[in-house]
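Participant: give me a model of this one.
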Amino acid sequence: MRKFSGFFCAIILLLSLIVLPQSAIAASSSFVTSTFESKSLKGEDFTGQNLQQAEFTKVNLQEAKFNDSDLRGAVFNGVNAENASFVGVDMSDGLVYVTSFNNADLSNGIFRDAIMLRTTFKNANVEGADFTFTVLDSQQVNLLCENASGINPVTNASTRQSLGCP
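Facilitator: The predicted structure follows:
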């Protein structure tokens, strides 16, 4: 009888682990990344910082400096980055949505495999920028191609070729 009671308890335990829902413990993205939301960071200097997977939502980044920063996997959603400087940044695998890079300096930046939709680049400097496999609105690609030039110093990609310019 003892053999069967131990076996019976093991079966009950196994079934309870399989059938009954277990609570999950998940880390909030605020614990994993830097989150900036609904703030004015106008003119802030983020030069050379590691901002991988940082989240910028509804932030005013006018005239901010991100030169040589690591922005891989970063999210920019509803951001005003007009007249900001992103010289030499790596924003590979980033997500940029409804953001203004008008009059911004994106020269020598790496934007590979990023998604940059509903984002504007009027008068942006993209000399030496790498947009390989980046998803952009076709109207913005045409705008960027008007002044696209140079070779990225890190990836050796031609800016015009990375944008698919004619």
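Participant: show me where this structure dips below the pLDDT cut-off.
Facilitator: Along the chain, segments meeting pLDDT under 70 span 1-33.
Participant: separation between residue 59 and residue 155?
Facilitator: For residue 59, the distance to residue 155 (CB to CB, to the nearest Å) stands at 28 Å. C-beta: built from backbone N, CA, C; applies to glycine.
Participant: with residue 69 instead?
Facilitator: Between residue 69 and residue 155 the computed distance is 17 Å (CB to CB).
Participant: contacts only, for the closest residue to residue 119 other than its chain neighbours.
Facilitator: Nearest residue to residue 119, sequence neighbours excluded (CB to CB, 6 or more residues apart in numbering): residue 99, at 4.6 Å. If you count contacts by CB atoms under 8 Å, 6 or more residues apart in numbering, residue 99 has them with 76-81, 116, 119-120.
Participant: now swap in residue 154 and tell me
Facilitator: 90, 108, 110, 130.
Participant: correct me, but the last one touches residue 112?
Facilitator: Yes: Residue 130 is in contact with residue 112 according to CB atoms under 8 Å; the separation is 5.9 Å.
Participant: buried set for stretch 45-63?
Facilitator: 46, 51-56, 59-63 (16 or more other CB atoms under 10 Å).
Participant: for the chain, which segments count as helices?
Facilitator: Using DSSP state H, the helices assigned to the chain run over residues 2-19, 29-32, 138-145, 159-163.
Participant: related to what we said a few turns ago, could you export the buried residues of stretch 45-63 to TSV, including columns for distance to residue 166?
Facilitator: Below are those laid out as TSV (distance: CB to CB, whole Å):
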residue	distance to residue 166
46	35
51	34
52	34
53	35
54	35
55	36
56	33
59	35
60	36
61	32
62	33
63	33
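Participant: just the ones in strands from the residues you listed, please.
Facilitator: Residues of the buried residues of stretch 45-63 located in strands (DSSP state E): 55-56.
Participant: kindly indicate which of the buried residues of stretch 45-63 lies nearest residue 40.
Facilitator: residue 60 (4.3 Å; CB to CB).
Participant: ok, now which ones touch that closest one?
Facilitator: Contacts of residue 60 (CB under 8 Å, 6+ apart): 39-42, 79-80.
Participant: apart from its neighbours in sequence, what residue is nearest it?
Facilitator: residue 40 (4.3 Å).
Participant: where's the one you found relative to residue 58, distance?
Facilitator: Per CB to CB, residue 40 is found 10 Å from residue 58.
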